[in-house]
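A.B. asks: Curious how this folds, go ahead:
(one chain, ligands or ions: 2)
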Amino acid sequence: MPEKRTDMSLVKIKNMTVKLEGHVALTNVSMQISQGEIVTIVGPNGSGKSTLLRTIVGAIQPTSGIVNITDSCKIGYVPQKLHIDATLPITVKRFLCLPKAQNSKNIKSILKRVGSPDIENRQMANLSGGQFQRVLLARAILNEPDLLILDEATQGLDQMGAASFYRLVENLRSTLGCAILMVSHELHVVMSASDRVICLNGHVCCHGTPDIVASDPEYHALFGSGTQGALALYRHEHNHTHNHDGTCDHDRQYEDA
Ligand code: ADP
Ligand code: MG
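C.D. replies: Numbers count the residues shown, from 1 in each chain. Ligands and ions are numbered 1, 2, ... in the order given. Down below sits the predicted model:
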């Protein structure tokens, strides 16, 4: 009898440890991503966020543990850093044809879909930051992914640029019906647009809905001290106060409101 399929998960990771050149980047990480949900990873620099995403796309092999990607799951990936040297001429059109050739109609329509129409003949090196990120996004959605992975995709964009980029991503999620896994430092995005947040620091510090993560002491230990002010700020205004020693008190009047 065929097994009844009730499992909606695209990615399942269990007890995964990743060592890079002898350096332990991730320890005992378990997580999963289901169809259509938005999961955001937060964590300080060097906490293993990119490493986690790169193991999911298959660029890094885990040292131990299990990474299971559903067979039919197509992944679109926008990496954190992609530098295109100004001395290397490559047009947007050619870039979008790597690694798989696309016809002009597809290229025109995908650029329109990401809100940067008619730039196919421009040089990649001459694009604005926002246009460049949209081209990376266009390339990631060319194969109509089930899971779109974005690694600090708004890095280098101003606030307006980032907000407009995330509106586009939310819009794509509804039209493509894909799940989204992203690394973001913009707390308003984490709080308003994510179904779940995973707080990482070499291991999973805490995870859950944005509100649960935001009230977790481990999250505050990482972000509450002011060095990552933007991340702390949102909750600071809404449900806790900071003490002089860097700890936080929750203010019930806001939580109950
Ligand atoms: P994040 O994206 O959270 O800033 P990364 O996943 O890029 O962090 O890196 C996690 C840790 O692994 C860092 O300490 C980083 O220096 C280290 N690391 C990343 N890539 C390599 C590599 N190829 N070899 C050795 N160490 C690495
Ligand atoms: Mg990173």
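
A.B. asks: In this structure residue 29 contacts residue 12, no?
C.D. replies: No - in this structure residue 29 lies outside contact range of residue 12 using C-beta atoms under 8 Å: 11.6 Å. For every residue, glycine as well, the C-beta is placed using N, CA and C.

A.B. asks: out of these two, which sits in the more crowded spot?
C.D. replies: Using other C-beta atoms under 10 Å as the criterion, residue 29 and residue 12 rank with residue 29 on top: 24 against 16.

A.B. asks: For the more buried one, name its beta-bridge partners.
C.D. replies: For residue 29, the beta-bridge partners are residue 16 (DSSP bridges).

A.B. asks: got the contact list for it?
C.D. replies: Residues near residue 29 by C-beta atoms under 8 Å, 6 or more residues apart in numbering: 13, 15-18, 48, 52, 65, 200, 203-204.

A.B. asks: Tell me how far it lies from residue 98.
C.D. replies: Counting by C-beta to C-beta, to the nearest Å, the gap from residue 29 to residue 98 is 31 Å.

A.B. asks: wait, isn't residue 152 in contact with residue 165?
C.D. replies: No - the criterion here is C-beta under 8 Å, and residue 152 misses it with residue 165 at 11.3 Å.

A.B. asks: hey, what's in contact with both of the two?
C.D. replies: Common neighbours of residue 152 and residue 165 (C-beta under 8 Å, 6+ apart) do not exist.

A.B. asks: Break down the stretch 151-257 of the chain into its helices, ranges please.
C.D. replies: Under the criterion DSSP state H, counting those that start in this stretch, helices of the stretch 151-257 of the chain are mapped to 159-176, 187-193, 210-214, 217-223, 229-238, 252-256.

A.B. asks: Ranked by average pLDDT, which of the ones you listed falls at the bottom?
C.D. replies: Of all the helices of the stretch 151-257 of the chain, mean pLDDT reaches its minimum on helix 252-256 (a mean of 31).

A.B. asks: Any buried residues in stretch 140-154, and which?
C.D. replies: 140-142, 145-154 (16 or more other C-beta atoms under 10 Å).

A.B. asks: Ignore what I typed, I meant stretch 62-76.
C.D. replies: For stretch 62-76, by 16+ other C-beta under 10 Å, it's 62, 65, 67, 69-70, 73, 75-76.

A.B. asks: same thing with stretch 11-19?
C.D. replies: If you call a residue buried by 16+ other C-beta under 10 Å, then stretch 11-19 has these buried ones: 11-13, 16, 18.

A.B. asks: From residue 30, how far off is residue 68?
C.D. replies: In terms of C-beta to C-beta, residue 68 sits 11 Å off from residue 30.

A.B. asks: Can you report phi and psi for residue 150?
C.D. replies: Dihedral pair for residue 150: phi -120, psi 120, per degrees, to the nearest 10.

A.B. asks: Adjust the sequence numbering to begin at 9 for everything that follows.
C.D. replies: Got it, first residue is 9 now, which makes that one residue 158.
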